[in-house]
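Enquirer: mind folding the following:
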Amino acid sequence: MTDTAPDSLIPYDEIVQEALRAVVGRVLGQVVAAGGVLPGDHHFYITFKTGAPGVDIPTHLKERFPDEMTIVLQNKFWDLTVEPELFSVGLSFNQIPTKLVVPFSAITAFVDPAVDFGLQFQAVQDDEPFAELEADEEDAPLAASEDGSNVVTVDFGKRK
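Expert: Have a look, this model is predicted:
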């Protein structure tokens, strides 16, 4: 008997990633259904790959964050729409109204610090440090949960 698991012909990692990204869509859809108002103290940090297919952000943001950026949905956002494959939202950066379009497949992290909930998704490994950009909100930087409670990370190792 061997200690290595056989290669799967079923892409479990892709299926699980897609299902977890659907959680983000469902949560954002509930915000839309509530008239664009977040319930209670809920607010979201959404990190995504700026160069992923389908991402539509202004050139100056793409230049400033060529790999990844984090947005905060809390008090000052508008026109949140959710479609099966993506969401769009209006945010202000340096007091300039901006529309962002982000496919769910581009998201690498979703965190709701009000309830210590987070999802992290597999992303292409890169050498650049994590870049965070918050809209005009003065939110405190996201602090990682020390015990990792309510944070779901799925990492299916690739076998060679």
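Enquirer: only C-alpha atoms for contact and neighbour calcs from this point on.
Expert: Fine.
Enquirer: list the beta-bridge partners for Phe44.
Expert: Leu73 (DSSP bridges).
Enquirer: which residue ranges form the helices in this protein?
Expert: Along the chain, counting by DSSP state H, helices occupy 12-33, 59-64.
Enquirer: relative to Val102, which of those is closest?
Expert: Among those, helix 12-33 comes nearest to Val102, with 11.0 Å by Cα to Cα.
Enquirer: in that closest one, what counts as buried?
Expert: Residues of helix 12-33 classed as buried: 17, 20-22, 24-25, 28-32 (neighbour count, 16 or more other Cα atoms under 10 Å).
Enquirer: pLDDT below threshold where in the chain?
Expert: 1-2, 123-160 (pLDDT under 70).
Enquirer: ok, now with 90
Expert: Applying pLDDT under 90 to the chain flags residues 1-9, 13-14, 18, 75, 94, 122-160.
Enquirer: strands along that one, start to end?
Expert: Secondary structure of the chain (DSSP state E): strands at 44-49, 68-73, 78-82, 86-93, 96-103, 107-112, 117-120, 151-153.
Enquirer: quick one: list the elements packing against the fourth one.
Expert: Looking back up the chat, that one is strand 86-93. Where contact means 3 or more Cα pairs under 8 Å, 6 or more residues apart in numbering; DSSP states H and E, strand 86-93 is packed against strand 78-82, strand 96-103.
Enquirer: in CSV: the strands of the chain, plus mean neighbour count and distance to Pro58.
Expert: Shown next, in CSV, are the strands of the chain (neighbours: other Cα atoms under 10 Å; distance: least, Cα to Cα, whole Å):
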stretch, mean neighbour count, distance to Pro58
strand 44-49, 22, 14
strand 68-73, 22, 13
strand 78-82, 18, 17
strand 86-93, 18, 10
strand 96-103, 17, 8
strand 107-112, 22, 17
strand 117-120, 19, 25
strand 151-153, 16, 30
